[in-house]
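> Below is the sequence, then the predicted model.
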Amino acid sequence: MVLLVATPSILLPGTPADTTQIVALVGLVAGVFTFVEYRAAYPSLVEFRDAPPFNRIRFLALFMTIFMLAVICRGKIAPTTLTLFFDAIGTRIADLIDFPYSPVRLMVLMLPENASVDLVASVRTAAGLSYLISILSLGVFVLVMRFQRWPRQVGGFNVWTNMPTFDPTAGGDVVERLSRDSQINLILGFLLPFVIPAFVKLASNLFDPISLADPHTLIWTMTAWAFLPSSLLMRGIAIQRVARMICEKRRRDYAASQEEWEPASA
């Protein structure tokens, strides 16, 4: 986690000293929090910590997005073969998925009318690359769940340790609540890539929008815009999978009780 947070500051030349200190503090806090969450017997926020590779896929997608965008931004200042290669990949991807009403097109339209050509190209490339990585991470998780029967665990799936923010005793049927939470996450995950650019465009009439000309702002903004929706989609799919597991467990228990009752009644 420390390396993930510090990657843009490490790769981008000319990072101010104040920014480096803030990044170091944030990275240290993120690292300590992650260590405590995975070592504690009673987790507080991190979900599916004992159901790999859910969090590993999300972390890898987040790290790859930040790393590749940081390399592309570094190429604007100190171009190398690697930076040119990543920039060419991002530009090509943006050309493929930048069509009318696509999330990438909406991110470009979010920019003010006086935005420079270089800024539009940078946002377009970063949006296309980050959105592709988010889609690939979602596809990888679906394949893992399909072919490896996620979450395969010895001793059963512990809802308490893997879903610490979910209270099974809050009232109502657990399966119905899980299904409802899953649907909410899926809807939000699908809509956020479209809603965020529109919201920023509307809000720009009230206050100055964030400046994507700064490399650090561009990297973190594009990463959050692509990672949050894919993370919500993955969470929705995972929660729906847990709901199905509970339904299957109920059916097995009911069938077993019926088998025991029939010989006893006979």
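Perfect, thanks for sending it.

> elements contacting the least confident helix or strand in the chain by mean pLDDT?
Evaluated with mean pLDDT, DSSP states H and E, the helix-and-strand set of the chain has its lowest mean pLDDT in helix 159-162, which scores a mean of 81. Packing partners of helix 159-162 (3 or more C-beta pairs under 8 Å, 6 or more residues apart in numbering; DSSP states H and E): none among the helices and strands. C-betas here are computed from N, CA, C, even on glycine.

> elements contacting the following helix or strand past that helix?
Once helix 159-162 ends, the next helix or strand along the chain (criterion: DSSP states H and E) is helix 174-203. Using 3+ C-beta pairs under 8 Å, 6+ apart, the elements in contact with helix 174-203 are helix 103-109, helix 215-265.

> Show the subsequent helix or strand relative to the shortest one.
In the C-terminal direction, the helix or strand that comes right after helix 103-109 (DSSP H and E) is helix 117-147.

> buried residues in that following helix?
Across helix 117-147, burial judged by 16 or more other C-beta atoms under 10 Å covers 119, 122-135, 137-138, 141, 144-145.

> ok, now stretch 162-171?
In terms of neighbour count (16+ other C-beta under 10 Å), stretch 162-171 has its buried residues at N162, M163, P164, F166.

> do stretch 190-202 as well
Under 16+ other C-beta under 10 Å, the buried positions of stretch 190-202 are L192, P193, I196, P197, V200, K201.

> Keeping just the C-alphas, turn that stretch into CSV.
What follows is stretch 190-202 as a C-alpha-only set of coordinates in CSV (Å, rounded to 0.1, in the frame of the first residue of the first chain):
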residue,chain,number,x,y,z
PHE,A,190,-22.8,0.8,-13.8
LEU,A,191,-24.0,4.4,-13.5
LEU,A,192,-21.0,6.1,-11.8
PRO,A,193,-18.8,6.3,-14.9
PHE,A,194,-21.6,8.3,-16.6
VAL,A,195,-22.8,10.2,-13.6
ILE,A,196,-19.5,11.6,-12.3
PRO,A,197,-18.5,13.5,-15.5
ALA,A,198,-22.1,14.9,-15.8
PHE,A,199,-22.0,16.0,-12.2
VAL,A,200,-18.6,17.7,-12.5
LYS,A,201,-19.8,19.4,-15.7
LEU,A,202,-22.9,20.8,-14.0
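
> what separates the residue nearest to V5 when sequence neighbours are not counted from A6, distance-wise?
Once flanking residues are discounted, V5 sits nearest to G27: 3.7 Å by C-beta to C-beta, 6 or more residues apart in numbering. Separation of G27 from A6 (C-beta to C-beta, to the nearest Å): 5 Å.

> now swap in F54 and tell me
F54 sits 24 Å away from A6, taking C-beta to C-beta as the criterion.

> Look at these two and report which has more neighbours.
Set F54 next to A6 and count neighbours by other C-beta atoms under 10 Å: F54 wins out with 22 against 18.

> Hmm, the more buried one is touching V142, no?
No. Using C-beta atoms under 8 Å, F54 is not in contact with V142, being 11.8 Å away.

> Just checking the distance from stretch 172-180 to the centre of its chain.
Chain-centre distance of stretch 172-180: 24 Å, with C-alpha atoms, centre = their mean, to the nearest Å.
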